[in-house]
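S.K.: Sequence and predicted model, in that order:
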Amino acid sequence: MKKLLSLTLAACGGAPSESTAPATDSGASAETSEAGGDTIDISRISAFALTSYGCEKSMLLSIPFTWESREHWWNFANSDLAQEFLNEPQELGLPIRGVFYGEEGFRHFFTAEPVSGIEDLKGMKLRVSNDPVMNGMVEGLGAYPTVVSFNELYSALQTGVVDGAEQPIANYKSNAFPEVANNLILDGHTLGAVQVVITDNAWSKLTANQQACIMEAGKYAQEFNAQLSETEENKVLEELKAEGCNVVEVPDKQVWADACAKVIEENTASQAELYQQLKDFAN
């Protein structure tokens, strides 16, 4: 994503400051706060982070078991409806605007002890970032949501403070979590939706031509992400298997979705029609 942002900025003949810190924690929003101030101009953030600032539409993107496949997600991301979601911060008067969407892969649970299915998660202490949706999902699975900061997660797994957590595959490996939790179950409960935002302050300093260039380059960056993400993730998954990680396939995710039915209903009821539109992009 850093390379993509750099190409976008270079193509537009400008050099606003950028932030591309990995969106490792779906509940993290510090970067969103910085992007709304004077610290940085353009940033990649978790789409869910905007929920902390009243973006209710964005919350729907991280509801468990919304996306059946990457194709389902990209059908949405390339649609006119996606522009409505990207424009939500502007509608709410927030000092940022969305440029384009991306994704960092489906998020999966990983545990210190071997697991073979959903029933093995019951009674486990699973790390969460104190997000109501995540808390409800973990409770639906029969586990105990346990708040631990991301920076402390490795040691928490090592010492038994938590029994497991969840991350996209690439983040799971790059943070060395297999060293302390070498069991990965591919439940794919949510997709790691990310988006690039630019501050109003930076946007207002651009000419109309530069603004158009940013948006056009964003389309190419989004397309590149769609082509690259799954291929690179599959490479990482094969590396994990070769290194001895216990990777468990989940051929039928319906039982998982059923277990999360309550939290899904509670967090989509007020936007049921809009949520159904997201689901319909699977067709």
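M.R.: Yes, it's here.

S.K.: And the helices in the chain?
M.R.: Ranges of helices within the chain are 2-11, 30-35, 56-60, 70-77, 80-86, 88-91, 132-140, 153-159, 169-174, 200-204, 208-242, 254-259, 261-268, 272-280, based on DSSP state H.

S.K.: which of the residues in stretch 124-142 are buried?
M.R.: 124-129, 131, 133-141 (16 or more other Cβ atoms under 10 Å). For every residue, glycine as well, the C-beta is placed using N, CA and C.

S.K.: For the stretch 101-250 of the chain, give me the ranges with low pLDDT.
M.R.: Low-confidence segments of the stretch 101-250 of the chain (pLDDT under 70): none present.

S.K.: ok, the residue most central in space within the chain to Ala82 distance?
M.R.: Nearest to the geometric centre of the chain sits Gly192, at 2.4 Å (Cα atoms, centre = their mean). Separation of Gly192 from Ala82 (Cβ to Cβ, to the nearest Å) stands at 16 Å.

S.K.: what's the answer for Glu266, then?
M.R.: Relative to Ala82, and taking Cβ to Cβ, Glu266 is found at 24 Å.

S.K.: For the closest residue to Met59 other than its chain neighbours, give its distance to Gly188.
M.R.: With sequence-adjacent residues excluded and distances taken as Cβ to Cβ, 6 or more residues apart in numbering, Met59 is closest to Thr51, at 4.4 Å. According to Cβ to Cβ, Thr51 and Gly188 sit 21 Å apart.

S.K.: next one: Asn171
M.R.: 14 Å.

S.K.: Tell me which of Glu266 and Ala82 has more neighbours.
M.R.: Neighbour count, other Cβ atoms under 10 Å: between Glu266 and Ala82, Ala82 has more, with 22 against 13.

S.K.: got a pLDDT number for the more buried one?
M.R.: Per-residue pLDDT puts Ala82 at 97.

S.K.: Run a quick check on it versus Asn75, I expect a contact.
M.R.: No: in this structure, Ala82 is not within contact of Asn75 by Cβ atoms under 8 Å, at 9.5 Å.

S.K.: so how far is Ala269 from the most far-flung residue of the chain relative to its centre?
M.R.: Most distant from the centre of the chain: Thr207, at 31.6 Å, with distances by Cα atoms, centre = their mean. As defined by Cβ to Cβ, Thr207 lies at a distance of 44 Å from Ala269.

S.K.: and the closest residue to Gly164 other than its chain neighbours, bridged to which residues?
M.R.: Spatial nearest neighbour of Gly164, chain neighbours left out: Thr111 (3.6 Å); criterion: Cβ to Cβ, 6+ apart. Following DSSP bridges, Thr111 is listed with bridge partners Gly164, Asn183.

S.K.: Could you measure from Thr111 over to Leu81?
M.R.: For Thr111, the distance to Leu81 - Cβ to Cβ - is 36 Å.

S.K.: Please look at the residue nearest to the centre of the chain and Pro168 and confirm they touch.
M.R.: Yes: Gly192 lies in contact with Pro168 (Cβ under 8 Å); the separation is 4.6 Å.

S.K.: Find residues that contact each of the two.
M.R.: Counting by Cβ atoms under 8 Å, 6 or more residues apart in numbering, the shared contacts of Gly192 and Pro168 are Glu104, Gly105, Phe106, Arg107.

S.K.: just checking, which of the residues you listed belong to strands?
M.R.: Glu104, Gly105, Phe106, Arg107 (DSSP state E).

S.K.: okay, the residues you listed in JSON lines with neighbour count and distance to Tyr220 next?
M.R.: Output for those, formatted as JSON lines (neighbours: other Cβ atoms under 10 Å; distance: Cβ to Cβ, whole Å):
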{"residue": "Glu104", "neighbour count": "24", "distance to Tyr220": "18"}
{"residue": "Gly105", "neighbour count": "22", "distance to Tyr220": "20"}
{"residue": "Phe106", "neighbour count": "21", "distance to Tyr220": "24"}
{"residue": "Arg107", "neighbour count": "22", "distance to Tyr220": "26"}
